[in-house]
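**Student:** model the structure of this input:
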Amino acid sequence: MGGRGVQQQRVVVRLVLVLVLWFLLVLRGWLVVRRRVVLRWRGRLRRRQLSRGPGRKGG
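**Tutor:** Numbers count the residues shown, from 1 in each chain. The predicted structure follows:
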């Protein structure tokens, strides 16, 4: 029984480690996507402001 318990504990530990690594990868991916989206929105807002500003007269 003891041997089986140890094997089960090892399997659980492996599953937990895999879930934690997967969770970290998902969080990292979400952060990267959010940063890209924020940069795109900021770029759009800056471009709109510049187009509304004096740059429009020069063009």
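**Student:** next one: the helix or strand in which residue 42 is found to chain centre, how far?
**Tutor:** Counting by DSSP states H and E, the element that carries residue 42 is helix 2-52. Distance, stretch centre to chain centre, for helix 2-52: 4 Å (C-alpha atoms, centre = their mean, to the nearest Å).
**Student:** tell me the pLDDT at the residue nearest the centre of the chain?
**Tutor:** In the chain, the residue lying closest to the centroid (C-alpha atoms, centre = their mean) is residue 30, at 1.9 Å. Residue 30 is assigned 95 on the pLDDT scale.
**Student:** how far away is it from residue 39?
**Tutor:** Distance from residue 30 to residue 39, counting by C-beta to C-beta, to the nearest Å: 15 Å. Every C-beta, even on glycine, is put in place using the N, C-alpha and C of the backbone.
**Student:** same thing with residue 33?
**Tutor:** Residue 33 is 11 Å from residue 39, by C-beta to C-beta.
**Student:** find residues that contact each of those two.
**Tutor:** Counting by C-beta atoms under 8 Å, 6 or more residues apart in numbering, residue 33 and residue 39 have no common neighbour.
**Student:** in stretch 26-36, what's buried?
**Tutor:** Judged by neighbour count using 16 or more other C-beta atoms under 10 Å, stretch 26-36 contains no buried positions.
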